[in-house]
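Engineer: Build the 3D model from these lines:
(chains A and B)
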Number of protein chains: 2
Amino acid sequence: MTTYTAPIEEMMFLFDNLRDNKNYNQLEKYKEINSDLVKDILEQAAKINQEIILPLAKIGDESPCVYENGIVRSPPGYKEAYKKFIEDGWTSLSCDPKYGGQGVPKTVSTFFEEMLSSSSLAFKLYSELSIGAYNCILSHADDKIKEKFLPKIVEGKWSGTMCLTESQCGTDLGLLKTKAIKQKDGSYKISGQKIFITSGDHDLTENIIHLVLARTPDAPAGTKGISLFLVPKLIVNDDGSVGSRNGVNTGSIESKMGIKGSPTCVLNFDNSIGYMIGAENKGLNSMFTMMNLERIVVGIQGLGISETAYQNALAYAKERKQGKANNNKTNETDFIIKHADIRRSLMNMRSIIEGERGLAFWLSQQVDVSLNHSDEKIKKSAADIVSLMTPVIKSFFTDMGMEITNETIQIFGGYGYTKDQGIEQLFRDNRITPIYEGTNSVQAIDLVYRKILNSKILEEYISQIDEEIKNCKDNKDLDLFLERVLKYKEILINFTSWLKTKQSISKDDISSACNDYLKVLGYVSLSYSWLRMLRVSYEKMSTNKSFFEEKINTGKYYFDKILPRAESHYIAGITGSESTMKANFN
Amino acid sequence: MTTYTAPIEEMMFLFDNLRDNKNYNQLEKYKEINSDLVKDILEQAAKINQEIILPLAKIGDESPCVYENGIVRSPPGYKEAYKKFIEDGWTSLSCDPKYGGQGVPKTVSTFFEEMLSSSSLAFKLYSELSIGAYNCILSHADDKIKEKFLPKIVEGKWSGTMCLTESQCGTDLGLLKTKAIKQKDGSYKISGQKIFITSGDHDLTENIIHLVLARTPDAPAGTKGISLFLVPKLIVNDDGSVGSRNGVNTGSIESKMGIKGSPTCVLNFDNSIGYMIGAENKGLNSMFTMMNLERIVVGIQGLGISETAYQNALAYAKERKQGKANNNKTNETDFIIKHADIRRSLMNMRSIIEGERGLAFWLSQQVDVSLNHSDEKIKKSAADIVSLMTPVIKSFFTDMGMEITNETIQIFGGYGYTKDQGIEQLFRDNRITPIYEGTNSVQAIDLVYRKILNSKILEEYISQIDEEIKNCKDNKDLDLFLERVLKYKEILINFTSWLKTKQSISKDDISSACNDYLKVLGYVSLSYSWLRMLRVSYEKMSTNKSFFEEKINTGKYYFDKILPRAESHYIAGITGSESTMKANFN
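Structural biologist: Got it, this is the predicted structure:
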């Protein structure tokens, strides 16, 4: 089994030193969320994750969900763990106190998301979509629906799903066919088949609240004719109690490469009763409220799994003896952590993980501002930054998760390929993250076409980087880092200009460069994250010398060894699409 | 299930047009291996691979090998397929006719290795190590042993293994403990435990011939005290018949991430009778005869699996409709192959695969010269090039295999993550290839320390590239490609010089750059391979316009989009190891 210790010191380093978004710090509702309280929450969170949730990872992989006689059973132990999980209030962490939530900001709940992902992604998924459903209902449903459904979701007694995909439509939601017919009482009858529904059916909660995309009879074709419906597994009576079965049946569950403890369902909706959420034909907009926050969470999944992979690789490197390191003058075999190449591999992981965590913390502050600030302009501006960074966090963190879990297998060698140690499971579990909630290529296309080419958000983002550069100018120690940030920021700007000049000339040139562009933005963003952490590390050096020296060393590694990758992506990206489009593929 | 059609046209393109090594063409024994004969062999090979072996991949994954009461059973259908396989003479393809082989050169048998890898790596592994054992026995054993064991191995009635790894020694063979005590009759009694033994036990062959590394009682410590022994599972009588059981028992088989149809065994040797192969304490040298050729074959495994991944991604892209391409002016949804980003992904795969196949074919000629040329100097010079390129082929092709199978999953989306289509299996099966026969990092270290820093082989290789550049100078169409080859060859040379200057200053700088260096050599080597193919394509254009135009287009893609990756590896590589070595990892 893998081991895991929640990186509370790293998290508190960020919370104590990099909570520097002045708009975030103005948020009245989070004034009481102080360092002591957060440390306490993280310690409690660490406890349940390390002791109760971590063991569920291997259990779920070895005893996957079972579908029998129309019923889905979760793996052994999941029920008991989930009961404890909701009793301790973990589903309600970031929810509005109005509905029973604890009202903790994203700056804190994101750390919890990371811990859960590190412990067991499969277990996490049972409650993850509930939070997505909560956000969507909170933003778009009327008060009656909110009062009826939200308290139970917040409490964790009911869970949620997102029902988008059908067999003929994944990326292209315009093709969806599920029908919704209005009834006299204002409700709808929903019919159609949805596939790949995470937590679509299971035995952990009393009820499951499906958020379903469907078309009304007169809806326009394509994405403009899609509405959103709330469809409970069991009808909810007016008094809030659970009534009879609705027409939602589970057709089957998927046999998958990983996250085997999480049921991925085919759901058949057969005249099931549903309630429209938001306006007719505007369902995609509402769903995207859920989707966008969810995409950030998927990025955090990649980060969380990477952390577990890193910790296990490090522990193994400290206990496995093999060969002699370069400076070995004895006859003794060395622990492999002495070998430069193993250290390189560990530093790859670490410098990416710490950079990502810093970036996620910076973004969490923006998310909190975007959801809660009283000034609409500030709110909008933060929302813009969030919309720019959402595809980056989703794709970049999950791709890096593949790289990092892959490197961990290499460090374990043959022991990484066999099942005993749980290492290969991290690689398999993480492999879903570049796919679901929109494949990473779809994220890259979204980034370029909807954010870069259609708005000035990048300029706003770059002005934030420039401000950080200004903050760093007084410290000579940062010169080398600043020089690199400036160089690669220049590459980002040049790549962006290239995309813009192509707009009227060749869309194919743009489309085939999206992935490279996202990577460049990702690496540059991590350099921004590192620059912030490096500045603070020099400032605070005297308070915790060994911690900050190590932090600076890891940052230096990032600038030396990881950031240069942006260069190749840029060179390749701007060669255009001629050969790509000319190929016959016969 | 995956589909697969052997790429005979691509293979014959190489055999007909790029069999240009003049030393190879001098080899008397291969004079009769002409185009018609090869085409015939490849067609027969395609038939058995497509019809009989391909279906075994999924069967082995779903019904893995079973270990029960000390006995290993192969998956359903493997026995019948293996029977047909040896009846048709496929194990004997490249073996010496003196022992019943067909004497086919590596230029041809490598194509067959690729096809087998494309069809079912798990099934391939049953016979793969037999060829390794054959090579080792042929080169190092005395005539009596050869006559006793080789004919049965060539025939496929007996199979072979390589027994190196023990629980405390993987990469570092100096730590191995298995003992060999000499008996009065000149044989040895071997005792110890070996792990991770591919095809260590199974029910496909009458006998299994283990090649085991062990120490005699007075052997020096470390790698200088290791000898090699032939230990049959069943004692072979003087008349060649199979006798009683030898003291070799199977302790267990591993539960693995992939290649589940192949048994990976713990073998317990308990006073088992063995025969020394080669000189005492020189066992590693002999084993490396087997190992080195085997490493090339592992690279070819990566290539073969990549080909299947590519073919399936391509087929899916041609049948899956989703969204509209940039140039779509209708209301119809497009096949995803119309999308620039999907095409980019397919072209990534294809340009790497075709480049690799070209490089492997070029190297196969060198291997044939290194094994068979009558002029010792020429033989040695070819062997040098083979030794230089072995770690590159092993690591680079298998790493690219991970990238390519990964991209195939992305193209399939959710359908790539579920088990039905067999796509995720390619990713899992290939994942062993960067590990076994020496991890890819070990290959990189071997490349740099044993080949680059210790010899002038790279200069010889670069002079071959320069010769090709000279051949291309007359064709103006090649100018752009030449310019790029020159640029990246320069990077390779600069990186090499950097390594050499570090020799007396910082071994850690070198060790931490080995992986980046291997990647640079890999990408440059593929550009060399492509340059050769491009020259021929322009020369032969009129004979098959559509084929050669497509080839040139794919080559252009390689130079535009893939080769630039070498740049980042170089920039990162030469930043040294300061932060890598300074990290505390507390």
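Engineer: Do any residues in the helix or strand containing residue A:501 lie close to chain B?
Structural biologist: Per DSSP states H and E, residue A:501 falls inside helix A:479-502. No - applying Cβ under 8 Å from any Cβ of the partner chain, one finds helix A:479-502 separated from chain B by no less than 10.6 Å. (Glycine included, C-beta is placed from N, CA and C.)
Engineer: what mean pLDDT does the helix or strand that that helix is followed by have?
Structural biologist: Toward the C-terminus, helix A:479-502 is succeeded by helix A:507-511 as the next helix or strand (DSSP H and E). Across helix A:507-511, the average pLDDT comes to 97.
Engineer: do helix A:507-511 and chain B meet at all?
Structural biologist: Yes - Helix A:507-511 is in contact with chain B by Cβ under 8 Å from any Cβ, via A:507, A:508, A:511.
Engineer: residues near residue A:501, how many?
Structural biologist: Using other Cβ atoms under 10 Å in any protein chain shown, the number of residues around residue A:501 comes to 12.
Engineer: which ones are touching it?
Structural biologist: Contact criterion Cβ atoms under 8 Å, 6 or more residues apart in numbering or on different chains gives no residues in contact with residue A:501.
Engineer: Most neighbours among the residues of helix A:507-511 next to chain B, please name it.
Structural biologist: Top of the residues of helix A:507-511 next to chain B by neighbour count (other Cβ under 10 Å): residue A:511, with 26 neighbours.
Engineer: Show me where the stretch 1-150 of chain A has its helices.
Structural biologist: Assigned by DSSP state H, counting those that start in this stretch, the stretch 1-150 of chain A shows helices spanning A:8-17, A:22-25, A:35-48, A:54-62, A:78-87, A:106-119, A:121-140, A:143-155.
Engineer: okay, those helices in JSON lines with mean pLDDT, mean neighbour count and distance to residue B:372 next?
Structural biologist: Formatted as JSON lines, these follow (pLDDT from 0 to 100; neighbours: other Cβ atoms under 10 Å in any protein chain shown; distance: least, Cβ to Cβ, whole Å):
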{"stretch": "helix A:8-17", "mean pLDDT": "98", "mean neighbour count": "18", "distance to residue B:372": "59"}
{"stretch": "helix A:22-25", "mean pLDDT": "98", "mean neighbour count": "15", "distance to residue B:372": "73"}
{"stretch": "helix A:35-48", "mean pLDDT": "98", "mean neighbour count": "16", "distance to residue B:372": "64"}
{"stretch": "helix A:54-62", "mean pLDDT": "98", "mean neighbour count": "21", "distance to residue B:372": "50"}
{"stretch": "helix A:78-87", "mean pLDDT": "98", "mean neighbour count": "18", "distance to residue B:372": "62"}
{"stretch": "helix A:106-119", "mean pLDDT": "98", "mean neighbour count": "26", "distance to residue B:372": "55"}
{"stretch": "helix A:121-140", "mean pLDDT": "95", "mean neighbour count": "24", "distance to residue B:372": "54"}
{"stretch": "helix A:143-155", "mean pLDDT": "97", "mean neighbour count": "19", "distance to residue B:372": "73"}
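Engineer: Of all those helices, which one is nearest chain B?
Structural biologist: helix A:54-62 (9.7 Å; Cβ to the nearest Cβ).
Engineer: Which strands and helices lie in contact with that closest one?
Structural biologist: The contact analysis (3 or more Cβ pairs under 8 Å, 6 or more residues apart in numbering or on different chains; DSSP states H and E) places helix A:54-62 against helix A:78-87, helix A:106-119, helix A:121-140, helix A:423-430.
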